[in-house]
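# Sequence plus predicted model, see below.
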Amino acid sequence: MSNWVRGWFAMAWLTAKRRVFVGKSVQIGKNFHLGIFSYISAARQLVIGDSVYIGKFCSIQCSGKIGSGVLIANNVGIVGRRDHDLHQIGVWIRDADWIGSSGRLVSDPRNWICIEDDVWIGFGATVLSGITVGRGAIIAAGAVVTTSVSPYDIVGGNPARPIGRRFNAREIEVHERGLANGLRK
């Protein structure tokens, strides 16, 4: 197979994958990778930065922001905390208001996520909306994140709790200086 044909198939695949697995309200930055069978949607808007890698079999379904340089491993779920109105009386939960039919739920800040730059979310983690994952943080494999994560913290468990720090204060300064000077690789 010629390089031209291979390139054409690769481009066609990327275009099809983005049309099928990325919702219309999702804005993607440069150098974006989406693993096979991952799906991204947002009720209002999700802005994804540059150089973001999302692994296979991920489900990202909330509005908000994912920063640049973020690594999301396989089987990760980033989902809305209040997607369905569980307090609606006289209605089956299946038929209750949900984020796709309710402006109130769409605008609820508990249904938005902020994942800052340089974050790594490990295999099988679940991150609930309504929180901020701070710059440089690491979410351990299998963690269930229900509260905000401080910059450069490493969290794990269910519910996720701090289990370490990625860098000490001096190393953070050097790391930040390197990122600012474009020494990414």
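The structure has been received and is ready for your questions. Numbering: from 1, shown residues only.

# Cys58 touches Asn74, doesn't it?
Yes: counting by CB atoms under 8 Å, Asn74 is a contact partner of Cys58 at 6.9 Å. Bear in mind the C-beta positions are built from the backbone N, C-alpha and C, glycine included.

# Mind checking which of those two has more residues around it?
Cys58 (22 against 17; other CB atoms under 10 Å).

# Now do the same contact list for the more buried one.
Going by CB atoms under 8 Å, 6 or more residues apart in numbering, Cys58 touches Gly35, Ser38, Tyr39, Ile40, Ile72, Asn74, Asn75, Val76, Gly77, Ile78.

# Repeat the analysis, applying 7 Å as the threshold.
Going by CB atoms under 7 Å, 6 or more residues apart in numbering, Cys58 touches Gly35, Ser38, Ile72, Asn74, Asn75, Val76.

# Out of those residues, grab the one that's most surrounded.
That'd be Ile72 among the contacts of Cys58, by other CB under 10 Å, with 27 neighbours.

# ok, that residue to Glu173 distance?
26 Å (CB to CB, to the nearest Å).

# cool, and Arg161?
26 Å.

# ranges for the helices of the protein?
3-21, 103-107, 169-180 (DSSP state H).

# quick one: average pLDDT of the first one?
Pointing back at helix 3-21 there. Average pLDDT, helix 3-21: 69.

# again with the last one
Averaged across helix 169-180, the pLDDT comes to 92.

# Quick one: list the elements packing against it.
Of the remaining helices and strands, none touches helix 169-180 by 3 or more CB pairs under 7 Å, 6 or more residues apart in numbering; DSSP states H and E.

# show me where pLDDT drops low in this protein?
Low-confidence segments of the chain (pLDDT under 70): 1, 5, 9-20, 100-102, 183-185.

# on that earlier part again, where do the contact lists of Cys58 and Asn74 overlap?
What both Cys58 and Asn74 touch, as defined by CB under 7 Å, 6+ apart, is the set Gly35.

# Contact partners for the nearest residue to Gln88 once chain neighbours are set aside?
Of all residues not flanking Gln88 in the chain, Ala96 sits nearest, at 4.1 Å (CB to CB, 6 or more residues apart in numbering). Contacts for Ala96 (CB under 7 Å, 6+ apart) come out as His84, Asp85, Leu86, Gln88.
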